[in-house]
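# need a structure here:
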Amino acid sequence: MRRLLLLSALALLLVLLVVTTAAADNGPHQGDFTSTTDACAGCHRAHRGQTDKLLVEATQTDLCLSCHGANGTGADTNVQDGVYENRDSGGQYGTVNAGLRGGGFTSALMDPGMTGTPSSAAVTSKHNVDATGTIWGNGAIGGGVGKSVTLRCASCHNPHGISGGDAYRILRPKPKDSGAANDVVVPDDASKDYTITYAGNGYRDDSYLTGKSISNWCSQCHTRYLANNTSDSGDSIFTHRHATSDDYRKCMACHVAHGTSATMGTHSGAVELPDGTPGGGSGDSRLLSVNNRGVCYRCHPSP
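Next up is the predicted model:
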């Protein structure tokens, strides 16, 4: 009888270990695969793939959203709606039903009006996945507004992970089509907290970026947005720039990565694009995390 109980306890322990492993952060994006890995079959089919990359879905975006979408399975991070859900990890990497730090591509659960109560709303601006657009500020001084590229999920994230596993949100050290000369590895965070938090004054807390090289990483694409001060850069368009380097205010102190539900007022919505195109009105939010230019006021309040 004692032997039977011991065997039962061991069997239960093995089950718990398997479940814990299955729910591990980054899921199939392991980075360091074993010689008998099970991860490949989650995304690929050797003889009946739907794309030339042998993916199980018709497009890269469809594949990513099959886990990370509104109707996805297997991933707690629903990047379509910008919500952290309890799908497989028991909520160990964030607050269940809270908003994601990066916002969402269709809607976002955040508090751009600084009301103290986050709510879900349609996004007003986003990084346009599966669309061709201009990378504003890409290239050297005097290089025009930037080059045109088609953005996809894997432009920024490596679906196979980063070797060693020490990279924030499996961000590629060098985004595809960025033209960057050197790698920038953004260190991972020990907490693995995917959900947004707010400081006591209601403003989005960016303390999770401490020690991160996020501005250096963002500027691999938006090259001329990186600056240590507001002195004349010599560029005819991006001439005087707010300090954005990792030593000052990081990019994510003002912007979200995927999509925002912030709205703009008369002046904010009229700000022209770098190529001179007039602003698009209330929905022209430029990935800012607060309505209008509230991100400016947080650091520069009226006297």
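
# What distance do you get for C254 to R204?
For C254, the distance to R204 (Cβ to Cβ, to the nearest Å) stands at 9 Å. For every residue, glycine as well, the C-beta is placed using N, CA and C.

# list residues touching both of these two?
S289 (Cβ atoms under 8 Å, 6 or more residues apart in numbering).

# D38: how many residues sit nearby?
By the measure other Cβ atoms under 10 Å, the count of residues near D38 is 11.

# what are the phi and psi values for it?
Here is the backbone geometry of D38 (degrees, to the nearest 10): phi -100, psi -10.

# Tell me the spacing between it and K176.
Distance of D38 to K176, given as Cβ to Cβ: 27 Å.

# Can you get me the start-to-end distance on stretch 127-135?
Distance across stretch 127-135, first residue to last, is 10 Å (Cα to Cα, to the nearest Å).

# Can you give me the buried ones in that stretch?
H127, V129, I135 (16 or more other Cβ atoms under 10 Å).

# What residues does the first one make contact with?
Residues near H127 by Cβ under 8 Å, 6+ apart: F105, L151, A257, H258, G259, L287.

# could those residues be laid out in JSON lines, adding secondary structure and distance to Q220?
Shown next, in JSON lines, are the contacts of H127 (DSSP: H, G, I helix; E, B strand; the rest coil; distance: Cβ to Cβ, whole Å):
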{"residue": "F105", "secondary structure": "coil", "distance to Q220": "21"}
{"residue": "L151", "secondary structure": "strand", "distance to Q220": "14"}
{"residue": "A257", "secondary structure": "coil", "distance to Q220": "14"}
{"residue": "H258", "secondary structure": "coil", "distance to Q220": "18"}
{"residue": "G259", "secondary structure": "strand", "distance to Q220": "20"}
{"residue": "L287", "secondary structure": "coil", "distance to Q220": "17"}
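
# nearest to H267, of those residues?
Of all the contacts of H127, the one with the least separation from H267 (Cβ to Cβ) is L287, at 18.1 Å.
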